[in-house]
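S.K.: Sequence plus predicted model, see below.
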There are 2 protein chains.
Amino acid sequence: MFETPSKSKVNQDAQRDREGQVCRVALIGFGTVGRAVVKILCESVDSGLLLTHICNRNVESKKQPWVPASVVWTDDVQSILNSDAEIVVELIGGLNPAHQIVRSALEAGKSVVTANKQLIARHGPDLLQMAASHGCQLEFGASVAGGVPVLPALRTGLCGDQLHGIAGILNGTCNYILSRIEHARIPFSEALEEAQARGYAEADASEDLDGGDARAKLSILALAGLKSHVAPESIRARTIRAIDAIDFDYAAELGCTIRQISRADLKNGTLLAEVGPCLVPNDSPFGRVQRNLNLVLTSGQYGGDIAFLGAGAGGDPTAVAVVSDLMFVAQSLSSRRRRDAATYVTTPNVSSDFETPWYLRFFVRDQPGIVARLAEILAAHRLNIDSLLQKPGFDKAALPFVITLEPCNDSQLHPALEKMSSLDFAIRPCLCLPILR
Amino acid sequence: MFETPSKSKVNQDAQRDREGQVCRVALIGFGTVGRAVVKILCESVDSGLLLTHICNRNVESKKQPWVPASVVWTDDVQSILNSDAEIVVELIGGLNPAHQIVRSALEAGKSVVTANKQLIARHGPDLLQMAASHGCQLEFGASVAGGVPVLPALRTGLCGDQLHGIAGILNGTCNYILSRIEHARIPFSEALEEAQARGYAEADASEDLDGGDARAKLSILALAGLKSHVAPESIRARTIRAIDAIDFDYAAELGCTIRQISRADLKNGTLLAEVGPCLVPNDSPFGRVQRNLNLVLTSGQYGGDIAFLGAGAGGDPTAVAVVSDLMFVAQSLSSRRRRDAATYVTTPNVSSDFETPWYLRFFVRDQPGIVARLAEILAAHRLNIDSLLQKPGFDKAALPFVITLEPCNDSQLHPALEKMSSLDFAIRPCLCLPILR
């Protein structure tokens, strides 16, 4: 999984560092997300980022052979603050000492990238103010919905809209438990135990089940998307502990299922906001979110509704959000370093030779032996028939029927298609469509 | 719909302009999207943008009373290039004269924001190179999927990933026609006529139906997301004209429906790419996209699959993408203008008093008169029962049943809930869930 970085990459990085083309990054907190961030930084060729420090308690036991030797391992936060790193990545989590570390880094003129939802939910506006007054940046794209780029989209592609509503499935633990009860009709306690056994829920899952986690995230979304500062504690949170299998039976009678929904609507200067289980229609975007995925819906005055769906947690997806923030900060820190977007573009060979199963639809003048002839051609080209479909009741002079094929390449299918379309009973060219799974 | 800008906004804008806090914007092409962009710029309070010029042919006939008097109307592109505008918005569309105008603007050191997919698909890499060498920016977030912020997300929240695949429903016209055939089982020609009558398809819809529009967009997504330069002409495009109602019957037998899919996969240095109708499972994200919506799925090495769904076209959604690009360019043009994110945040009143229909689930010791007692309490609080659900076969000592209520506010429901939970036959507190529609 983890590879030692190639010599050429290490040399390249050192060269770019001497030329001031890279941005120096120190990371504090080498846990699951921290390791994944370091892995991406070590594997990527042209991120414009150079990892200089990794800081963690008991750092000796943390050292990894796949991290370049140039990286300094330390357990001393102060040495990071005194270093020449331009960006500090805070991945310790929790309020203390993370809050003090982020403040100190900003005061030292370093930009900060963090995945810390509790910190941003509580102190986001103050820290943003502080960053601005020190001429540096604070980014927290990983603090909500992990790898789903909702916060970056609010900052960029949606900033031209006036949003009035945000709603989401923001807690993967709750969604896992509720969708398990939905499918297996097991009691709540059993679904929770299962989630704990599979690592989707912590031993004390109160923060997740009772809405504390989701309302911190909702508070951050309200800040970034609705420009509204709301303390997480002032958002009502209802627990999902009272939901049981029977509720899914009754919900189903209403065409619904049950999900933990976090929602905020700005209405006449009041922010309506809450977190808790809700009935949602089975065929709605929320109703379809399974397992531990996250979904966020934004509603804007001009752009209407936009939905974002993806992996809301996990080391790698969350690390993508952190590294993306790092690249964003690095690019805006110095226009000298602004990457020429065209430089990193390659011109690959282009092909349409996808391998998929296929749908072939024929219109024929009915006569004996049609299927035999077609099957013979397909066999001669080593193409396997998956199914034969013929609906009754059609005109024998223009009879539609369908053959589906097992996966094969377009290039393999093409000669057979040409032969089949030239048969005398074919009254239209065969329609050939890929079947995507 | 369009309001005259308030005096205070005009004065505020002029004040900010004198202080150099705003970025001066000239717009070329006052069509549907252009009008919507100007409307958003006139209505927004703190975009950091000041509209200085509107350029269009026959400009006299285009003038609008709701545009501030300070805006210069002109039909002379050269006067825009000679002006002090820092950003030029190109919304003429097509290759000529748009290509020459964008080149001239970049040569004049002006950044460019465009929604022109054909221009970027054909000349994107060259123009990006040109922008970089003149120290200015070129943004084209509106060129793919209108208001769905896929391109901004590729530029920011997903840039830390290594994407290997992108697939999407990128043409609203095709999706409208195919989902109409799906639901009404009408012939292709009838669905096309209907789309034309409703303004979802042009009189000559070849670019849409035969895939020309979608492959230009796919080429842009490949550039931005897969860092691959591929000419639109080298992407195979299959038409949707051969699809008929019977194909939806056969697709349904396979658990599928039919959509125009644009897809690109980077595999061993080759870009597999094509545009055309495909069978997709009914319960897949693609299968569920109805009407003229757009959906884009990205697949990354670290972050997995992310889905983006929203309005792919239309004046207002596309204008959101243009204005968002303008704000992005304005912020990066000058750090002096970098907006203090905390400044524009308000601290609203927070409430959880949503108005929704409700699901009330009771566990009771069965005895006569329970429903009567509950109904009496609800009536006394002016709450309307929508349905009563009681499944058979449960233990009479712990009988679950459900009452759903018509929409009312949480605050209106709460006192009734308290009364109902204290009734002697209630063996658990009533579970009360909002029903979202």
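M.R.: Thanks, I have it.

S.K.: how close does residue A:368 sit to residue A:430?
M.R.: Distance of residue A:368 to residue A:430, given as C-beta to C-beta, to the nearest Å: 20 Å. C-beta: built from backbone N, CA, C; applies to glycine.

S.K.: which of these two has more neighbours?
M.R.: Between residue A:368 and residue A:430, counted using other C-beta atoms under 10 Å in any protein chain shown, the more crowded position is residue A:430 (19 against 6).

S.K.: And the more buried one, how close does it get to chain B?
M.R.: Distance, residue A:430 to chain B, using C-beta to the nearest C-beta, to the nearest Å: 10 Å.

S.K.: I'd guessed that residue sits against residue A:364; true?
M.R.: No. Counting by C-beta atoms under 8 Å, residue A:430 stays clear of residue A:364, with 9.8 Å between them.

S.K.: name the element the closest residue to chain B within the stretch 251-400 of chain A belongs to?
M.R.: Relative to chain B, the nearest point of the stretch 251-400 of chain A is residue A:323 (3.0 Å; C-beta to the nearest C-beta). Using DSSP states H and E, residue A:323 sits in helix A:315-333.

S.K.: Are there helices or strands packed against that helix, and which ones?
M.R.: strand A:23-28, helix A:32-43, strand A:49-55, strand A:87-90, strand A:111-114, strand A:138-139, helix A:150-155 (3 or more C-beta pairs under 8 Å, 6 or more residues apart in numbering or on different chains; DSSP states H and E).

S.K.: Which one of the ones you listed lies nearest to residue A:79?
M.R.: strand A:49-55 (7.6 Å; C-beta to C-beta).

S.K.: what pairs with that closest one, and is each one parallel or antiparallel?
M.R.: strand A:23-28 (parallel), strand A:72-74 (parallel) (DSSP bridges).

S.K.: Format the ones you listed as TSV; extra columns: mean pLDDT, distance to residue B:157 and mean neighbour count.
M.R.: Shown next, in TSV, are those (pLDDT from 0 to 100; distance: least, C-beta to C-beta, whole Å; neighbours: other C-beta atoms under 10 Å in any protein chain shown):
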stretch	mean pLDDT	distance to residue B:157	mean neighbour count
strand A:23-28	97	18	24
strand A:72-74	98	29	16
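
S.K.: among those, which is nearest residue B:359?
M.R.: Closest among the strands paired with strand A:49-55, using C-beta to C-beta: strand A:23-28, at 45.4 Å.

S.K.: Neighbours of the nearest residue to residue A:161 once chain neighbours are set aside, how many?
M.R.: Once flanking residues are discounted, residue A:161 sits nearest to residue A:300: 3.6 Å by C-beta to C-beta, 6 or more residues apart in numbering or on different chains. Residue A:300 sits with 23 neighbouring residues when counted by other C-beta under 10 Å.

S.K.: so what's residue A:300 up against?
M.R.: Going by C-beta atoms under 8 Å, 6 or more residues apart in numbering or on different chains, residue A:300 touches A:158, A:161, A:162, A:163, A:164, A:306, B:320.

S.K.: Now go through those residues and say which are in helices.
M.R.: Counted as lying in helices by DSSP state H, out of the contacts of residue A:300, are residue B:320.

S.K.: ok, and the most crowded of the contacts of residue A:300?
M.R.: Sorting these by how many neighbours each has (other C-beta under 10 Å) puts residue B:320 first, at 34 neighbours.

S.K.: hang on, isn't it packed against residue B:40?
M.R.: Yes. Between residue B:320 and residue B:40 there is a contact under C-beta under 8 Å: 7.2 Å.

S.K.: Give the residues shared as contacts by these two.
M.R.: Common neighbours of residue B:320 and residue B:40 (C-beta under 8 Å, 6+ apart) are A:160, A:302.

S.K.: Can you tell me the element residue A:284 falls in?
M.R.: Judged by DSSP H and E, residue A:284 forms part of no helix or strand.
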